[in-house]
Structures are given as C-alpha cells and as structure tokens.
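**Q** give me the fold of what follows.
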Amino acid sequence: MRLSGIPGLSRRSSAGSAKLQLRSSARLGVTSSPHVRFWFAAAGLALALAPGAPAQAAPRSRPRLVIVIAVDQLRADYIDRFRPYFGAAGFNLLLRRGARFADARYEHAITTTCPGHAVILTGSYATVNGIVANEWFDARTGHPEYCADDPAVRLIGSTGPGRSPRNLFGATVGDVLKMATGGRSRVVTVSAKDRAAIMLGGHLSDAAYWMSDTLFVTSSYYRRDLPAWVREFNASHPVSRYFGSSWKRLLDFAAYAMIGTDDEPAETDEAGMGRTFPHPISGEEAFAGSPFLNDVLADFAMHAVTAEGLGQDTVPDLLGISFSANDGVGHAFGPESQEVMDVTLRLDRTLQRLFGFLGRSVGLADVLVVLTADHGVGPMPEVLQRLHPGASPRRLNPQVIDSAVRSAMEARYGPVPGPGWIVYHSPPLIYLNQPALAAKRIPVEDAERVAQAAVLGVYGVHGALTGTALARQRESEDLTGPVRSFFPGRSGNIYYELEPYWLADDGRTGASHGSTWLYDRQVPLLWFGLGVVPGTQRTPVDVADIAPTLSALLGLIAPGGSQGRVLAEILR
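**A** The predicted structure is shown next:
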C-alpha cells in the first residue's frame, strides 16, 4: 500500500542498517560569517557568468520588481469556493490576466511553515535544503533546534533568540539574483513569522522583517540597526490601533450560507475572541488571530517598496511577502468555517490594495507576481463526525504513540535512565536515545525496527518508515516520496503518517496540517506579469518549479539545489 499516493511509505517498509550520519559534503549552506557570505556571493557570481555556464536564455526584458506572495495555509480549493465573492483586482487580477496552475502540489511529507517556505524560492526539498520541519532534535547538543535559530546573532528592534538562515542549505532565487547583479538588486522579505521571512529571503537578502509583539524587527545577520522608515512605522502603532475593535463579517450574513453554521463546538476560543462573529480584538493575541494582521503586513510591505526604492530602476528587485493571518484563523476555526471564508475574502481586498499601489508606484507592466501557499489544511474530525456519526476520523494524542514505543523498547531492551528511550517526539518524527543505544551496543537499525512495529500497532496509524530506510533511499539518489523530507542528522529515527483526516493532536479543538494527504499538499499557484502567458493549466506541477521558472524569467541560472523544472508552458 502506498501512503498518500506518494511512493515509498508502506505499512511494512523494511528498515536499513546504516547509522544516520551527517555528511560534511551535504552541508551546502552558508554561515552567518560575513567573510563566508562574501565568498559565497563571489563564487556564485563567477559561476553564473562563467563561459559555458548552464544559464537560462535571457528574456528581451525583465521585470523591475518581482513580488513573491506566500499565503500561510491557503488551501487550493479556496480559490474556487470563494471566487464568487472576490473583487475585481485582487485574486481576480491574477486569475483573469495571469496564468493559473489548478493542480500545484508539494511533494514532501512534512507540510508545515518552515519547510514550505524553504521550497518556494530554493526549488528544493529538505533532502537538499535541510529544513525538515519547523523544529527538530539536534543530537550534538541534546536539545531541539528551531529551523531559523542562530545563537551567533541577535534580534534588532526587540529582545529574544537570534534568527538567521544558517540552517538553510543552498541558495534562493534572491541569492542568485544578488550574485548575478553584483549586489545591485534589492531583496527584502516580510512576514509575521520569522521563519517565513527568513526562508523566502535566503542568505544574501538585504533584510528580512518579521513581527515580535507589536513591532517589526530583524536580525543582526542582516543589518546593525532598524532603518528609520521601520522605526517610524513601528512608532505609528500599526497593531495596537486595532485593540478595542472587533472582527465582523466583511459581507452580509447571506453570503456565508455556503458554509453553514457559525458555531462549531470544535472551534478554538482564541484569546477570548469567542467562536462566533463578531470577534473582539482585545489585545495582541487576538489581533494575531484576526485578518487585520494581513492588512498590517501589506502596509509594511508597501512602505518597504517606497523606502527601499524597489522597482525604481532597470535592475530587478525582489519582494517576498508571507501573509500569516490565514494560518492562525484556519487553525482556530477550521477550513469549513465562516471565519476562513471571511479571512480569504479580506485577503482578496488586501491584495487589490497592494496591486493598486504597485500599479501606481512601479507600474504593473514592470511587475511580475507569483502567489502560492506554504501548505493546506485538513478538516476538523468533529465536523466529519457531525456530518455522519459513523465517520472514523478522530484526534490521536501523540502520547499514545509515545507510550507504545517506550513500552516496546523497554520490553525488548530494558529500561534506561534519564529521558528514557525517546528523547524527542514531535509528530510525525520520533527520535530515539542514541547514547543509550550505544551504551547497550544495540544496532540503530534493530531499535528502529522495534519502534516502527510499535508505531504501526497503534490504531489510526497508516504507515511508518525508519530513518535508516530513508537514509538508504537518499544514498541511492531516489529522491521521491517521504525521503524529500529527510536530511541525515536532522530527521528522526521514525517517520509516521496517520490515516486520512486524522489529527495528531493532544487538544480537542481546531484544525491542523503537516501530513502527505492532498488537502495538506495542494496549494494555489498563480502567475501574473511580464513574460507570463495567461490561461489555466491543468497538468499537475510541483511548487519546487517556482524557483527555476522565476530564474528563467529573470535570465538567471536556477538555484544550484533546485529539484524543479521550468514551467515553459506559461513563458512567452
């Protein structure tokens, strides 16, 4: 049996024997050292300009400004479901005058924010770029590692852990653009989430900005202080001015009849917002779970275009925007909610405002827009059960799987002190106690098989693979299926998948994502602007195709680790 239609994950997959090791040759990333970054840029530029380099043929003209928009948790079907209520020049500008791929998918297994954003502009998956999840376990330090963490740098504009792209291996389109133009191109990214802005920007971006509390901040990796325009924007209190207001439906109640009830018991009462409209915005947390977050991000992005002079000369610039509000709303209320419909319609109006601004400040004839999402989302099991009481999907507490593995390991090998046989478990990855295995001289392959059998014995688990099996597949250069989410030294000893529509969740409310099922992998992919042939394409495409296609439109060599293809069917 194949899992989620992706080859390689069967219920009884055999495990390999080699111990997981991180090869030094696989570390293709760039450190935060300015000297290493300079070398990376110089070497890349020399490669791009070298005689015989496999660069794409340069187009007759290039856009002055590339806008890459990633909407956090925008499932593909939302475009058709809610299109009757879109305005004339938001999503419909792209749908009517641009190119649409109606079946764009991620081809990896862990569909979460950091891995999704890493794919968009590197054109590569975790097996190349190293971003296996939002967080993984670092066996060298014995602690979890956040995907954008960097203790060698500090936040600028706030306090907290340092952030940078040091964990991202390889280049983004923005990096290649900086190389090819001798640093003259400007690359700026914006999001509410640090990991989203950082992964879109890559190693050589001029700045990545994200939100900390109510302020926009960055990292000392990019610059020594906040520009005056960012300080002025923060001083205008863009977030706190919403406090005391309420989130009401954008349209009349009748428009939401397609959704049904406004009160689903499985919805989350986020920050005292309640489960039904209107939702009071009482403070920071409530604001972050409202559509108004997207409005502030758009305002900041437009200020960036003006202050940074983006698109004002013939050297192409790149602006990446990750709209984060849809993810918070989707998690709290689920994809079948009136709230998800409303946040999508409000985003449409926000896009219309953004595109109108770009038309006035740059000129749409000189702009290239790409819009996609980092992942989709699954329905809440309770909704399916309400529609039919006999429906099987439910929430599975990861502790059930955790206990099954610990019991099986103790029964086979005896107990161990400290954290026990599992040192870290974040669905769908389980990390075994490597020092304990070494002390007892237990082969990793054998222990993984014991843990795999225990996971497969839990009701609701569809399939599981061992880290050794995935490592062997990667070594064989078969980079299809769940191995695309595998990187040696970062991925767990066990990767598992639940049955369709089940959630690995120790709570009892809200929706989530992260699986290989199509509702989590299929996202919109819309193109608009210079060099793009309008029309709808029905052939399935990979989100990894964005980076090489953008590179072709810019006359650049694609990022070195890119695993996608050029979407020649939409190029003039």
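**Q** surely Leu345 meets Phe82?
**A** Yes: with contact defined as Cβ atoms under 8 Å, Leu345 reaches Phe82; the gap is 6.2 Å. Bear in mind the C-beta positions are built from the backbone N, C-alpha and C, glycine included.
**Q** more crowded one of those two?
**A** Counted by other Cβ atoms under 10 Å, Leu345 and Phe82 do not tie: Leu345 has more neighbours, with 23 against 20.
**Q** let me know the helix or strand that the more buried one is in.
**A** helix 338-361 (DSSP states H and E).
**Q** show me what that helix is packed up against.
**A** strand 65-71, helix 78-82, helix 91-97, helix 292-307, helix 325-333 (3 or more Cβ pairs under 8 Å, 6 or more residues apart in numbering; DSSP states H and E).
**Q** so what does the next helix-or-strand element following that helix touch, helix or strand wise?
**A** Following helix 338-361 in sequence order, the next helix or strand is strand 367-373 (DSSP H and E). Helices and strands touching strand 367-373, as assessed by 3+ Cβ pairs under 8 Å, 6+ apart, comprise strand 65-71, strand 526-529, helix 546-554.
**Q** in TSV, list the ones you listed along with mean pLDDT.
**A** As requested, those are arranged in TSV below (pLDDT from 0 to 100):
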stretch	mean pLDDT
strand 65-71	98
strand 526-529	98
helix 546-554	98
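**Q** I'd like these as JSON lines, with mean neighbour count appended.
**A** JSON lines is the format used below for the helices and strands packed on strand 367-373 (neighbours: other Cβ atoms under 10 Å):
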{"stretch": "strand 65-71", "mean neighbour count": "26"}
{"stretch": "strand 526-529", "mean neighbour count": "22"}
{"stretch": "helix 546-554", "mean neighbour count": "26"}
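**Q** between those, which one is nearest to Gly514?
**A** strand 65-71 (16.8 Å; Cβ to Cβ).
**Q** now distance to Val458 too, for the helices and strands packed on helix 338-361, in a markdown table please.
**A** Output for these, formatted as a markdown table (distance: least, Cβ to Cβ, whole Å):
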| stretch | distance to Val458 |
| --- | --- |
| strand 65-71 | 34 |
| helix 78-82 | 32 |
| helix 91-97 | 41 |
| helix 292-307 | 37 |
| helix 325-333 | 24 |
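**Q** can you tell me which of these is nearest to Ala471?
**A** Closest among these, using Cβ to Cβ: strand 65-71, at 30.1 Å.
**Q** need the CA coordinates for the helix holding Leu345. PDB is fine.
**A** Extracted in PDB, the C-alpha atoms of helix 338-361 (Å, rounded to 0.1, in the frame of the first residue of the first chain):
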ATOM      1  CA  GLN A 338     -17.200  31.300   8.100                       C
ATOM      2  CA  GLU A 339     -14.000  32.800   9.600                       C
ATOM      3  CA  VAL A 340     -11.800  31.100   7.000                       C
ATOM      4  CA  MET A 341     -14.100  32.300   4.200                       C
ATOM      5  CA  ASP A 342     -14.000  35.800   5.700                       C
ATOM      6  CA  VAL A 343     -10.200  36.000   6.100                       C
ATOM      7  CA  THR A 344      -9.800  34.800   2.500                       C
ATOM      8  CA  LEU A 345     -12.200  37.500   1.200                       C
ATOM      9  CA  ARG A 346     -10.500  40.100   3.300                       C
ATOM     10  CA  LEU A 347      -7.100  39.000   1.900                       C
ATOM     11  CA  ASP A 348      -8.600  39.400  -1.600                       C
ATOM     12  CA  ARG A 349      -9.300  43.100  -0.800                       C
ATOM     13  CA  THR A 350      -5.800  43.500   0.700                       C
ATOM     14  CA  LEU A 351      -4.300  42.100  -2.500                       C
ATOM     15  CA  GLN A 352      -6.400  44.500  -4.500                       C
ATOM     16  CA  ARG A 353      -5.000  47.400  -2.400                       C
ATOM     17  CA  LEU A 354      -1.400  46.100  -2.800                       C
ATOM     18  CA  PHE A 355      -1.700  45.600  -6.600                       C
ATOM     19  CA  GLY A 356      -3.200  49.100  -6.900                       C
ATOM     20  CA  PHE A 357      -0.300  50.500  -5.100                       C
ATOM     21  CA  LEU A 358       2.200  48.600  -7.200                       C
ATOM     22  CA  GLY A 359       0.500  49.900 -10.300                       C
ATOM     23  CA  ARG A 360       0.900  53.500  -9.200                       C
ATOM     24  CA  SER A 361       4.400  53.200  -7.700                       C
END
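**Q** roughly how far does the residue sitting furthest away from the middle of the chain sit from Gln452?
**A** Centroid-distance maximum for the chain: Gly414 at 39.7 Å, with Cα atoms, centre = their mean. From Gly414 over to Gln452 the distance is 19 Å, taken as Cβ to Cβ, to the nearest Å.
**Q** can you check Tyr85 too?
**A** Look at Tyr85 and Gln452: by Cβ to Cβ, they are 47 Å apart.
**Q** how about Asp348?
**A** Taking Cβ to Cβ, one finds Asp348 at 45 Å from Gln452.
**Q** count of residues packed around Thr214?
**A** With other Cβ under 10 Å as criterion, Thr214 counts 18.
**Q** what's the pLDDT at it?
**A** We have a pLDDT of 96 for Thr214.
**Q** tally of neighbours for the residue nearest to it when sequence neighbours are not counted?
**A** Distances taken as Cβ to Cβ, 6 or more residues apart in numbering place Val239 nearest to Thr214, at 3.9 Å, with adjacent residues excluded. As a burial measure, Val239 scores 21 neighbours (other Cβ under 10 Å).
**Q** who's in contact with Val239?
**A** 211, 214, 284, 287, 296 (Cβ atoms under 8 Å, 6 or more residues apart in numbering).
**Q** wait, isn't the third one in contact with Thr214?
**A** Put plainly, it is Glu284. Yes: the pair Glu284 / Thr214 is scored as a contact, 6.1 Å apart, by Cβ under 8 Å.
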